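Undergrad: the sequence and its predicted three-dimensional model are supplied below.
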Amino acid sequence: MNMFESLSGKVLIAGPSLQDPNFQRTVIVMCEHTEEGALGIVYNRPSPITVSEAMPALVTSSLAGSRLFLGGPVQTDSLFVIHDDENAGGEELSSGVFFGGDPQLLGALIAHLGQGRGIHVRIFAGYSGWGAGQLEFEMSQGAWIVAPLDPEQVLVAEGEDGWRQALVDLGGRYAVLAQAPIDPRLN
């Protein structure tokens, strides 16, 4: 009997003991999760550059001054988008939150922003990926805490403090974990 449960549309919060520098104190939106593997986007790692610095062709768009986020260590030369524009397309992750990497999607979002639509768009360089069984193994080791996707956190919140906020939002013992030092062995 297969007991696989997809985490697509959920959020993974790095447990305090996760010391891998690629994922320490990250919060990841799970975009795909099948028995063959998983793909997610780290949403709480703003890069030091703007979207127009990463893509000079977008210098005249309404996204030009937006911060580029680091979605993960895989294919960092590729851009991915998470947004809340139901008319632009992309894969719906959760109610009203969409994901994609298609340049046409980005073009549609820029056009809709130019029309003054009140939508939220985040652009990410790279993604986080796991091979078959890898994420499940990490889950069994307590590396990740599963939470519901909060559109406000994914699309609007700024900065690396998203990790603490995600834990505080879960409440109880998770709110206590939010106060853990970066290296729990030093506590």
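TA: Ah, there it is.
Undergrad: let me see the contact set for residue 72.
TA: 22, 28, 40-42, 124, 126-129 (Cβ atoms under 8 Å, 6 or more residues apart in numbering). All C-beta spots, glycine's among them, are computed from the backbone N, C-alpha and C.
Undergrad: among these, which ones are buried?
TA: Among those, the ones that count as buried by 16 or more other Cβ atoms under 10 Å are 28, 40-42, 124, 126-129.
Undergrad: secondary structure, pLDDT and distance to residue 104 added to those residues, as CSV?
TA: Output for the buried ones among the contacts of residue 72, formatted as CSV (DSSP: H, G, I helix; E, B strand; the rest coil; pLDDT from 0 to 100; distance: Cβ to Cβ, whole Å):
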residue, secondary structure, pLDDT, distance to residue 104
28, strand, 97, 25
40, strand, 98, 23
41, strand, 98, 19
42, strand, 97, 24
124, strand, 95, 17
126, strand, 96, 20
127, strand, 97, 19
128, strand, 98, 24
129, strand, 97, 23
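Undergrad: which of those sits closest to residue 54?
TA: Ranked by distance to residue 54 (Cβ to Cβ), the buried ones among the contacts of residue 72 are led by residue 124 at 10.3 Å.
Undergrad: hmm, back to that, most widely separated two among the buried ones among the contacts of residue 72?
TA: Spatially, the most separated pair among those is 124 and 129, at 13.1 Å (Cβ to Cβ).
Undergrad: now the helices for this structure?
TA: Using DSSP state H, the helices found in the chain span residues 51-54, 103-114, 134-140, 151-155, 162-170, 172-177.
Undergrad: ranking those helices by mean pLDDT, which is last?
TA: Ranked by mean pLDDT, the helices of the chain bottom out at helix 103-114, with a mean of 85.
Undergrad: what helices or strands is that one leaning on?
TA: Applying 3 or more Cβ pairs under 8 Å, 6 or more residues apart in numbering; DSSP states H and E, one finds that helix 103-114 contacts strand 74-83, strand 121-131.
Undergrad: and the angle from the shortest one to strand 121-131?
TA: On the basis of axes from the mean of the first three to the mean of the last three Cα atoms, to 10 degrees, strand 74-83 is oriented at 130 degrees to strand 121-131.
Undergrad: could you pull out the buried residues of stretch 58-74?
TA: Buried residues in stretch 58-74, counted by 16+ other Cβ under 10 Å: 58, 61-63, 66, 68-72.
Undergrad: for stretch 167-186, same thing?
TA: Of the residues in stretch 167-186, 167, 169-170, 177-178 count as buried by neighbour count, 16+ other Cβ under 10 Å.
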